[in-house]
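Participant: give me a model of this one.
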Amino acid sequence: MAQHSAKGAQFQVITANRLRDGEVVYFNAPATWVVDLKDATIAEGAEVLEGLMAQANTAPCATDVLDIYPFEVVKDAAGTYAAASVRETIRAAGPTVRTDLGKQTERR
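Facilitator: Numbering: from 1, shown residues only. Sure thing, here's the model as predicted:
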């Protein structure tokens, strides 16, 4: 399992960067990369994560991305998942130095 994995995390998502444009993407089983965390497949437990990692690393779409690894997500009361770490929150939102560029402009 990747070094970024949070040991003992209940919920995890697999992420990578798309080669053609550097976009942060998330694995949606069985073999698709999506740009929105809400569309990612959530792995609940280590065994499920292990299977998803195998799919993500061997699917034909694996050649479209770089640096595949899992990270912890947490579920709120409404059942929505969000990154547990600041690092992954920033990766999903884009650069923090220019909020007038990138994904931040879409959220205004």
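Participant: before we move on, what SS does the most centrally placed residue in the chain have?
Facilitator: When Cα atoms, centre = their mean is applied to the chain, the residue found nearest the centroid is residue 15 (3.2 Å). At residue 15 the chain is in strand, as set by DSSP: H, G, I helix; E, B strand; the rest coil.
Participant: wait, isn't it in contact with residue 66?
Facilitator: No. Residue 15 is beyond contact range of residue 66, at 10.9 Å (criterion: Cβ atoms under 8 Å). No exception for glycine: its C-beta is placed from N, CA and C like everyone else's.
Participant: how close does the residue nearest to the centre of the chain sit to residue 69?
Facilitator: As for residue 15, its distance to residue 69 is 6 Å (criterion: Cβ to Cβ, to the nearest Å).
Participant: go on, residue 77?
Facilitator: Residue 77 is 28 Å from residue 69, by Cβ to Cβ.
Participant: who has more neighbours out of the two?
Facilitator: Legend: neighbour count by other Cβ atoms under 10 Å for residue 77 and residue 69, higher for residue 69 (15 against 5).
Participant: what helix or strand is the more buried one on?
Facilitator: Residue 69 is located in strand 65-75, with elements delineated by DSSP states H and E.
Participant: paired strands for that strand, with orientation please.
Facilitator: Strand pairing for strand 65-75, using DSSP bridges, gives strand 11-18 (antiparallel), strand 81-83 (antiparallel).
Participant: give the buried residues for the last one.
Facilitator: For strand 81-83, the neighbour count (16 or more other Cβ atoms under 10 Å) marks 81, 83 as buried.
Participant: quick one, the helix or strand following that strand and strand 11-18 angle?
Facilitator: Using DSSP H and E, the next helix or strand after strand 81-83 towards the C-terminus is helix 86-93. Going by axes from the mean of the first three to the mean of the last three Cα atoms, to 10 degrees, helix 86-93 is angled at 50 degrees with respect to strand 11-18.
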